[in-house]
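In: Task: produce atomic coordinates for the following.
(3 chains)
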Amino acid sequence: MTTTARAPSARVDNPLPTVSLSKSSPRHGEKVVVGWLFLCAAFSVLVTVGIVLSLIPPTIEFFNRVAPADFFSTDFWAPTNSGNPGFGVLRLIVGTLNVTLWALLIAIPAGLGAAIYLSEYAGRTSRKILKPVLEVLEGVPTVAYGFFALTFVTPILREIWPTFLPGRLGEPPGIFSAASAGLVMGVMIIPTVASISQDAMSAVPSGLRQAAYGLGSTRMQVATRVVVPAAMSGIVASFVLGVSRAIGETMIVLLAAGAAANLTMWPNDSVLTMTTFIARTSTGDIGTGTTTYYTIFAVGSVLFVMTFLMNMVSIALVRRFRETYE
Amino acid sequence: MTEPSVTHPYTPQQELPDHPVPVMQTRSLNVFYGGFHAVHDVDLAFGHHEITALIGPSGCGKSTVLRCLNRMNDLVPSARVEGEVLYHDQDVYAPSVDPIEVRRHIGMVFQKANPFPKSIYDNVAYGPRVTGMKVDSMDDHVERCLRGAALWDEVKDKLKESGYSLSGGQQQRLCIARAIATEPDVILMDEPCSALDPIATAAIEDLMLQLREQYTIVIVTHNMQQAARVSDRTAFFTARPDETTGNRTGLLVEFDKTSTIFENPSDQRTEDYISGRFG
Amino acid sequence: MNGANRVAVAGARRTTELRLDGSGRGGRWKGEVFRALLIFCLVIAFVTLLAVIVQASVRGMPRIDLNLITQMPSTLDRETSGMQSAIFGTIYVMVGLIVTVVPIGVSAAIFLEEFADGTKWWVRFIELNVQNLAAVPSIVFGILGLAFIVRGPLDLGTVAYAGSLTLALLVLPTVILASREAIRAVPTSLRQASLGLGATKWQTIWHHVLPSAVPGIVTGTILALSRAIGETAPLLLVGATVFVTYNPDGFFEGAYTVLPVQIFQWAVRPQEEFRILAAAGIILLLAVLLVMNSIAIWIRNKYTRDA
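Out: Numbering: from 1, shown residues only, chains lettered A, B, ... in the order given. Purely as a prediction, here's the structure:
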């Protein structure tokens, strides 16, 4: 059929019948669905509220029984000692920082190095293989890392410890040590640091690199003097998130760092971290109304506040970075 | 089916009234994206069973105007529309109007053929199904629409195959079949041939001329020859840069019978564009 | 030309080349060392990964046997003790987790991607909240579970579903973020085609967006579940701790334990037989994770090729 002429009648009659453009049905179902979807999205806020609500009342109850000064500014820790209890959380914080320090000594250089390699040196194919393998490290259950630290790293550390070192540092670690837990935790955190840092470096405009190469820079100079400074806020974000993960990690320290609340930064000592305390105490037989029970929540609050602040700093840094380059 | 001819022996001007009998109209249509003024004061009338072409350089707002006609601009969160868009004398932006209902009367064909990842049959049947349209036999209806889009002979033996199995031009005709399946009375086409080769383009142009028998068609095209070949009336748009921000705002320069626009334009800018001196 | 001359010429040419290299004296050497250091960083990670797997395999090999899956845990029969109750417990907890987290997570993702106006403060607040929740230490979710699910308002007691729900809250952000990514990848042209026909927004999502996003959602969900299946710390707080020598009676009845908790139970005991059992359990857990991840990768590859 080929049209060569139009029917004149088509526009002689009135072509505009009245048409209803209002809703043909009220579509209540659609509103119910959207309402449900909204509730699900809002549910995530409820989870945060739930966390805060589960922490605050028992923490208040804890401070009704224990003076805040005894909690924050003493270093006497004996929460289960009924005769003379002590609640100096400083020991747990120092213990946590001890392990975190050794973890970061591994995770920051190795994670940053891996990120630089993946972003600036690796070709497309090798990056496609290396990155998923690196991410597998993040997927290994932490109980497996803990077992590895306890039964493999600790014996090796005891064997090869540099005993010629002077003083405390020369004593080989015992069955539990901050070093063993920290080293394994450090490897566990490498992918976190590497992947966020690499995202930041890859987002640095290639024009910057080309300008530097044009001035005769080597690849190493471009990486260290151009790309890393340009991606700095993203890199720092990855460090902060790494710290947050180290502070919040439980199973590795529970298995390998021990339970002695030593006030020490020596790597060869056993330490009690905040997470270890929460896990050990809450799995033991403790009555709901005891002060020890409320101590779990008070320590949990400290842990939550510390990690929350770091997460916020990390998120803010990543956002600032994105705003600069995207 | 015979291969469609590229040139059309069609000369409608003697039949065309001086002024369109409008199915749709825009009155002082202004469109903003956030603070950006995209289209300024457009007054157009789309005649019953006519093909109206919107032409102009890129960034002149012609696609924006088209998307206002069936409220597809609603999908852009920052978009704001002022003025009126009348369909059968009702403002489609009136508060009582449901945009979904508008789109059931005013169908759309997009720049890039976008069939659903479903069978050819389901692509056509989708619109009637979701709009709750009453059809006696869906099989007959699908056949009718595919015939209407000049695609039936090519696909009648493979209705269950994926819409993606078709060629680009066939996919675009499938999208037209899909659009007419909901029995709209206006069809909007946003550069429907820009991704197609000349043969497939000619097939679509032939189809448009057939469809005009039953539908009012508005087409955006950057191909002036296409506008000259198929349209009854042409609206020429241009873009004016803002003196302070440099943002380009689309303006309607001239709207008239296609023959007048191409042979005897009254505005110098139109003549420059038509003769290739600009754009 | 004698030998000494040849050496001198070669030396001069090499020196000039090095100078023109732009890196100056020793620059190339420095660059190579730097590159080697970077590769070493990756090697640390990969060697450790390999060591974790090999050590568990070597240690646990004697107990990779049928008893491991058919027998209940026992402190007496160390040679034949298994982890059947933990396997069943893990299945119960995972099933409860899936039916809880998938509908909520996917729905939240649909809302945030398709309906929410990203310029509104409360939408940004929800997004920020999801991001933060993804980085909250897992043991804090254990505290939440202890206070709200096991005791407190829900008061479920230490049953399998308490574990499911606790883990559901833990991986909810991961499921939301992965599902959003999958939904965002669906081309806009598909949505426009459907809306242009007069379909409603929800019809468009249900008929077109979700079916196209399913492979991505499934992949992301499997990866989230593989995180949950290895989680230990929060479950210690919500009851999966006691030595359980029988399978769960149901989602809401009876004590339960799960694979990683059972592994932990054995790992802390000093006897060699239990350490071997722990290692065997780790191999089992890693094998399950390998299967889950392979399925996820298979789905991703299958559907990215087709599209």
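In: A:Leu39: neighbour count?
Out: By other Cβ atoms under 10 Å in any protein chain shown, 14 other residues sit near A:Leu39. C-beta: built from backbone N, CA, C; applies to glycine.
In: Who are the contact partners of it?
Out: By Cβ atoms under 8 Å, 6 or more residues apart in numbering or on different chains, A:Leu39 lies in contact with nothing.
In: do the same with B:Ile120
Out: B:146, B:155, B:158-163, B:166, B:174.
In: Which of these sits closest to chain A?
Out: Among the contacts of B:Ile120, B:Leu146 lies closest to chain A (Cβ to the nearest Cβ), at 14.4 Å.
In: and that closest one, how far is that from chain C?
Out: 16 Å (Cβ to the nearest Cβ, to the nearest Å).
In: before we move on, what about A:Met310?
Out: Distance, A:Met310 to chain C, using Cβ to the nearest Cβ: 8 Å.
In: In helices, which of the contacts of B:Ile120 appear?
Out: Among the contacts of B:Ile120, the residues falling in helices (DSSP state H) are B:146, B:155, B:174.
In: So for the residue of the stretch 151-279 of chain B found nearest chain C, what's the pLDDT?
Out: At 5.7 Å from chain C, B:Thr182 is the closest residue in the stretch 151-279 of chain B, using Cβ to the nearest Cβ. For B:Thr182, the model assigns a pLDDT of 91.
In: Near it, how many other residues are there?
Out: B:Thr182, neighbours per other Cβ under 10 Å, totals 24.
In: Report the contact partners of the residue lying closest to it once chain neighbours are set aside.
Out: The shortest distance from B:Thr182 to any non-neighbouring residue, by Cβ to Cβ, 6 or more residues apart in numbering or on different chains, is to B:Gly127 (3.9 Å). By Cβ under 8 Å, 6+ apart, B:Gly127 lies in contact with B:133, B:178-179, B:181-182, C:197-199.
In: how about a cut-off of 10 Å?
Out: B:103-104, B:107, B:133, B:145, B:177-184, C:193-194, C:196-199 (Cβ atoms under 10 Å, 6 or more residues apart in numbering or on different chains).
In: Please narrow these to those residing in helices.
Out: Using DSSP H, the contacts of B:Gly127 in helices are B:103-104, B:145, B:177-180, C:193-194, C:196.
In: any idea which of these is closest to chain A?
Out: B:Arg104 (8.1 Å).
In: need the contact list for the residue nearest to the spatial centre of chain A.
Out: Nearest to the mean C-alpha position of chain A, by Cα atoms, centre = their mean, lies A:Arg245 at 3.6 Å. Listed by Cβ under 10 Å, 6+ apart, the contact set of A:Arg245 reads A:100, A:103, A:107, A:138, A:185, A:188-189, A:192-193, A:307, A:310-311, C:135, C:137.
In: quick one: what helix or strand has it in it?
Out: helix A:232-248 (DSSP states H and E).
In: And the pLDDT for A:Val140?
Out: Here, the pLDDT recorded for A:Val140 equals 92.
In: Once you drop chain neighbours, what's closest to it?
Out: C:Val52 (6.2 Å).
In: pLDDT below threshold where in the chain?
Out: Just so you know, I chose chain A. Across chain A, the ranges flagged by pLDDT under 70 are A:1-16, A:326.
In: my bad, the chain I had in mind was chain C
Out: In chain C the weaker segments, taking pLDDT under 70 as the threshold, are C:1-27, C:240-242, C:304-307.
In: Show me it divided up by domain.
Out: C:3-63, C:66-306 (automatic domain parsing).
In: chain center to the last one, what's the gap?
Out: Remark: domain C:66-306 is offset 9 Å from the chain centroid, using Cα atoms, centre = their mean, to the nearest Å.
In: how about the helices of the chain, start to end?
Out: If you meant another chain, say so; for now it's chain A. Using DSSP H, helices in chain A cover A:28-65, A:68-72, A:90-116, A:124-139, A:142-148, A:154-160, A:178-202, A:206-214, A:219-221, A:228-230, A:232-248, A:251-256, A:274-283, A:291-325.
In: Please refer instead to chain C.
Out: Going by DSSP H, chain C shows helices at C:3-20, C:27-60, C:66-70, C:84-110, C:121-133, C:138-144, C:160-184, C:188-196, C:201-204, C:210-229, C:233-237, C:259-267, C:272-306.
In: Show me what the shortest one is packed up against.
Out: Looking back up the chat, that one is helix C:201-204. The helices and strands touching helix C:201-204, judged by 3 or more Cβ pairs under 10 Å, 6 or more residues apart in numbering or on different chains; DSSP states H and E, are helix A:28-65, helix B:99-105, helix B:120-130, helix C:188-196.
In: ok, back up a step: tell me which of the helices of chain A is the most buried.
Out: helix A:251-256 (a mean of 31; mean count of other Cβ atoms under 10 Å in any protein chain shown).
In: Done for today, thanks.
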